[in-house]
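In: make a model of this:
(chains A and B)
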Amino acid sequence: MLDFFKKIIGDKKEYRMMMARVEAMPKDYQFVFKKIQNYMWNHAGGDGMDMLKIQYDLIDLFEAGIVDGKRVLQITGEDVAEFCDELLRNTKTWTASYHEKLNNDIKKSLGRKIMNSFSEKVYEVVKKIPKGKTLSYKEVAVLAGKAKACRAVGNILNKNYDPKIPCHRVIRSDKKIGGYNRGNEEKKKKLEAEGYLL
Amino acid sequence: MNNLTEMLKGVLEGCVLEIISKKEIYGYEITKKLNTLGLDDVVEGTVYTILLRLEKNKLVNIEKKNSDIGPTRKFYSLNKDGKRELEIFWEKWDFISKKIYKLKEEK
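Out: Modelled structure (predicted):
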């Protein structure tokens, strides 16, 4: 309980210091800062601590701007709301929880089976293909537990850009190299560099 | 060139990563660099929000230092994850730009 009070008091002290720095700014900076602050609170989703942190940092940015002799809109751009929205992308907002809920609901009833588990299995299988070796789309499908899903394997790997998942090592059953989301030439080059003979 | 804001949105993060990868640098200098390049619309605030994101995603190392004038500034450099992120950015950029040109050239 004591810790809890300490935290609140500590925060308040910090907050007062922060606002004192704001009061020391030129009028145009103060005006914009308070507008931004207001806009942020309207969107706060959690306890707002993440927003406070961003506001503290924002003071640093503004103070640097003042020293550089800039007007406030040269710092934020004229579209201050857009600037705010970008700042809010780094925080917990109440709209974000709706956003998340919508996607979660959909995933729960429609997507999970197809989207998550199978593609994760495919990635697991492909991760383990060593340098210089290949698997066919068909073989990957079998190893991931869906023998008939070789086309789905292609679609899943087409979305992969993670360098830890060497999807270039998956080729066609007839030993033709098949497609690659960074260009077929690139796939060929990578395979040759790893000592695989085409 | 002006009025690039919408189009730049997705790629500016990659540009900032690229600039940071060359040397340790602070926000204002990054903005100046982009302006010199001809991206006039980019203001410090835009770069600032990107830097916040890079920090949150743990792609940069940050050191607070005194600069020649004014208050302490945060200097940014890329860490290992940042370097990987930059590589992925260029791969994606190459892919997208090739595809878009292809679309233009199609009969």
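In: after the lowest-mean-pLDDT helix or strand in chain A, which helix or strand is next?
Out: Using mean pLDDT, DSSP states H and E, helix A:112 stands out as the lowest-scoring helix or strand of chain A, at a mean of 54. Sequence order places helix A:119-127 as the next helix or strand after helix A:112, per DSSP states H and E.
In: mean confidence for that following helix?
Out: This predicted structure assigns helix A:119-127 an average pLDDT of 88.
In: mind giving me the packing neighbours of the helix or strand that it is followed by?
Out: Taking DSSP H and E as the definition, the helix or strand that follows helix A:119-127 towards the C-terminus is strand A:135-136. Secondary-structure packing of strand A:135-136 (3 or more CB pairs under 8 Å, 6 or more residues apart in numbering or on different chains; DSSP states H and E): strand A:170-171. Every residue, glycine included, has its C-beta placed from N, CA and C.
In: list the strands paired with the strand it packs on, with their directions.
Out: Looking at strand A:170-171 with DSSP bridges, its paired strands and their directions are strand A:135-136 (parallel).
In: now whichever helix or strand comes after the strand it pairs with - C-alpha only, CSV.
Out: Following the chain from strand A:135-136 toward its C-terminal end, the next helix or strand by DSSP H and E is helix A:137-143. The C-alpha atoms that make up helix A:137-143 are tabulated as CSV, following Å, rounded to 0.1, in the frame of the first residue of the first chain:
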residue,chain,number,x,y,z
TYR,A,137,6.1,-28.1,-51.6
LYS,A,138,4.5,-31.5,-51.4
GLU,A,139,7.0,-32.8,-48.8
VAL,A,140,6.6,-29.7,-46.7
ALA,A,141,2.8,-30.1,-46.8
VAL,A,142,3.1,-33.7,-45.7
LEU,A,143,5.5,-32.8,-42.9
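In: give me the next element, helix or strand, following helix A:137-143.
Out: Downstream of helix A:137-143, the first helix or strand assigned by DSSP H and E is helix A:150-158.
In: that next one close to chain B?
Out: No: judged by CB under 8 Å from any CB of the partner chain, helix A:150-158 makes no contact with chain B; its nearest approach is 11.0 Å.
In: could you dump that helix to PDB, C-alpha only?
Out: Output for helix A:150-158, consisting of C-alpha atoms alone and laid out as PDB, is shown next (Å, rounded to 0.1, in the frame of the first residue of the first chain):
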ATOM      1  CA  CYS A 150       1.000 -28.200 -51.300                       C
ATOM      2  CA  ARG A 151      -0.500 -25.200 -53.000                       C
ATOM      3  CA  ALA A 152      -1.300 -23.700 -49.600                       C
ATOM      4  CA  VAL A 153       2.300 -24.100 -48.700                       C
ATOM      5  CA  GLY A 154       3.300 -22.000 -51.700                       C
ATOM      6  CA  ASN A 155       0.800 -19.300 -50.600                       C
ATOM      7  CA  ILE A 156       2.100 -19.300 -47.100                       C
ATOM      8  CA  LEU A 157       5.800 -19.100 -48.000                       C
ATOM      9  CA  ASN A 158       5.000 -16.400 -50.500                       C
END
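In: what's the angle from it to helix A:119-127?
Out: Interaxial angle, helix A:150-158 versus helix A:119-127 (axes from the mean of the first three to the mean of the last three CA atoms, to 10 degrees): 80 degrees.
In: which other residues reach helix A:150-158?
Out: By CB atoms under 8 Å, 6 or more residues apart in numbering or on different chains, the list of residues contacting helix A:150-158 from outside reads A:118-119, A:122-123, A:126, A:136-138, A:140-141, A:144, A:146, A:165, A:167, A:170, A:178-179, A:181.
In: ok, of those residues, which come out buried?
Out: Applying 16 or more other CB atoms under 10 Å in any protein chain shown to the contacts of helix A:150-158, the neighbour count classes A:118-119, A:122-123, A:126, A:136-138, A:140-141, A:144, A:165, A:167, A:170, A:178, A:181 as buried.
In: what domains does the record give for chain A?
Out: With domains defined by automatic domain parsing, chain A comprises A:2-92, A:113-193.
In: hmm, the first one touching chain B?
Out: Pointing back at domain A:2-92 there. Yes: Domain A:2-92 is in contact with chain B by CB under 8 Å from any CB, via A:54, A:57, A:60-61, A:63-65, A:67-68, A:70, A:74-77, A:79, A:82-83, A:86-87, A:89-90.
In: noted, bye for now.
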